[in-house]
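S.K.: got a sequence here, can you model it:
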Amino acid sequence: MSEIRIGYQESEDTHILSVEDDGIGLKDEDATTLFGPFKRKRMAGKVEGAGLGLAIVKEIAEQHKGRVWLDPAIKKGAAFHISISKNL
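M.R.: Sure, this is the predicted structure:
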């Protein structure tokens with residue numbers, strides 16, 4: 001069974017939310033386009049969605065004086081982080 005962990009930290013200027021899973025992970029070449037509109041590969045089959053989820057998350061973070069990033073150090077699965085300014 002898969003595990004998803006939700007985390008929270010804060011710095012002096014930002015709130016940082018994290019979502020981490022223990023799935024198959026991501027290829028390094030996928031990380032460069034991860035936060036843009038997603039184009040499905042043929043093997044996606046009947047998976048629903050517009051492929052805009054992470055692009056929307058990035059836009060929301062930027063509108064709130066923050067950013068979104070992938071943790072490159074994780075060995076298995078993926079870890080995404082979003083920061084939002086405390087000074088809005």
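
S.K.: CA atoms for contacts and neighbours, from now on please.
M.R.: Will do.

S.K.: which one is the spatially most central residue of the chain nearest to, not counting chain neighbours?
M.R.: Centrality entry for the chain: nearest residue to the mean C-alpha point is Phe80, 3.7 Å, by Cα atoms, centre = their mean. In space, not counting the residues next to it along the chain, Phe80 is nearest to Leu70; the distance is 4.6 Å by Cα to Cα, 6 or more residues apart in numbering.

S.K.: surely the one you found is in contact with His81?
M.R.: Yes - assessed by Cα atoms under 8 Å, Leu70 is found in contact with His81 at 6.3 Å.

S.K.: and Ala55, how far from Phe35?
M.R.: Summarising the geometry, the distance separating Ala55 from Phe35, computed by Cα to Cα, to the nearest Å, is 5 Å.

S.K.: can I get the helix or strand where Val57 lies in PDB, CA atoms only?
M.R.: Element membership for Val57 (DSSP states H and E) is helix 53-63. Once side chains and other backbone atoms are set aside, the C-alpha atoms of helix 53-63 remain, and they are given as PDB (Å, rounded to 0.1, in the frame of the first residue of the first chain):
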ATOM      1  CA  GLY A  53      -2.500  20.500 -11.800                       C
ATOM      2  CA  LEU A  54       1.100  21.300 -11.000                       C
ATOM      3  CA  ALA A  55       1.100  24.300 -13.300                       C
ATOM      4  CA  ILE A  56      -1.900  25.700 -11.400                       C
ATOM      5  CA  VAL A  57      -0.100  25.000  -8.100                       C
ATOM      6  CA  LYS A  58       3.000  26.900  -9.400                       C
ATOM      7  CA  GLU A  59       0.800  29.900 -10.500                       C
ATOM      8  CA  ILE A  60      -0.900  30.000  -7.100                       C
ATOM      9  CA  ALA A  61       2.400  29.900  -5.200                       C
ATOM     10  CA  GLU A  62       3.800  32.800  -7.400                       C
ATOM     11  CA  GLN A  63       0.700  34.900  -6.900                       C
END
